[in-house]
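Undergrad: Dropping a prediction and its sequence here:
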Amino acid sequence: MSSLSLVVVLTLVAISFKGSTACKCIQLADESKICLADYVISGTLLETNSPAEQNSLDSVIDYRVSVGKVYRSFRKLPTTLAIRTEGHTCGFTDLQVNATYFIAGQIQDGMFMINRCSSVVAKYGPDNIPYRDSDVKVNVNVTSGVTSCHEEEGEVKGYGSAVLLTSNVGLLIFVLCAAILKMF
């Protein structure tokens, strides 16, 4: 390996790991997350109970949500749900009180949960369309996948349709593997 290639690889390593606190998980398409969700609702956030140490790895945030519409659930849902998320980078830490959201999440040990790896949380705009990141429309009609998740054989559509990791870490791994293979 030439010294220039080594410098490039080491620079990429340094850039990728500098201050990296991103949530690390396999990214799934919204349709897959919705199909794999234990519950899918639209609801208005009534209250947030967040701890003082919000960014610690074991902190949690509890949201109280008034359920507007139930798109899917494996059990009868109450009119108000307590939904929990992690207080670190994998959690939805920026939800706003009095805003209405489309939420597809999981039930773990009897608790309603949401996280960035396996849930969909999209805020409804004034045009009654869910938006991600406050100003970007969700590219797919997230409510259309709720009723069309199962094929005739009973299998979940989109299962296993994970998107390849496209972060700096994914790029770094690709470059490192290519550099190692080039050496042989």
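TA: Done, it's in. Numbers count the residues shown, from 1 in each chain.
Undergrad: for this protein, what spans make up the strands?
TA: Secondary structure of the chain (DSSP state E): strands at 39-49, 60-73, 80-86, 100-108, 111-114, 120-124, 130-132, 136-137.
Undergrad: Tell me the predicted confidence for the residue lying closest to Arg64 once chain neighbours are set aside.
TA: Closest residue to Arg64 apart from its sequence neighbours, by Cβ to Cβ, 6 or more residues apart in numbering: Glu47 at 4.2 Å. The way it works is simple: take the backbone N, C-alpha and C, and place the C-beta from them, glycine included. pLDDT for Glu47: 96.
Undergrad: how deep is Glu47 tucked in, by neighbour count?
TA: 13 (other Cβ atoms under 10 Å).
Undergrad: Tell me the spacing between it and Cys35.
TA: Per Cβ to Cβ, to the nearest Å, Glu47 is found 29 Å from Cys35.
Undergrad: same question, Thr79
TA: On the measure of Cβ to Cβ, Thr79 and Cys35 end up 25 Å apart.
Undergrad: ok, the two, which is more surrounded?
TA: Cys35 (23 against 9).
Undergrad: Break this protein down into its structural domains.
TA: 3-22+167-183, 30-147 (automatic domain parsing).
Undergrad: For the nearest residue in space to Arg72 that is not next to it in sequence, list each beta-bridge partner.
TA: Nearest residue to Arg72 in three dimensions, chain neighbours excluded: Val40, at 4.4 Å (Cβ to Cβ, 6+ apart). For Val40, the beta-bridge partners under DSSP bridges are Arg72, Ala104.
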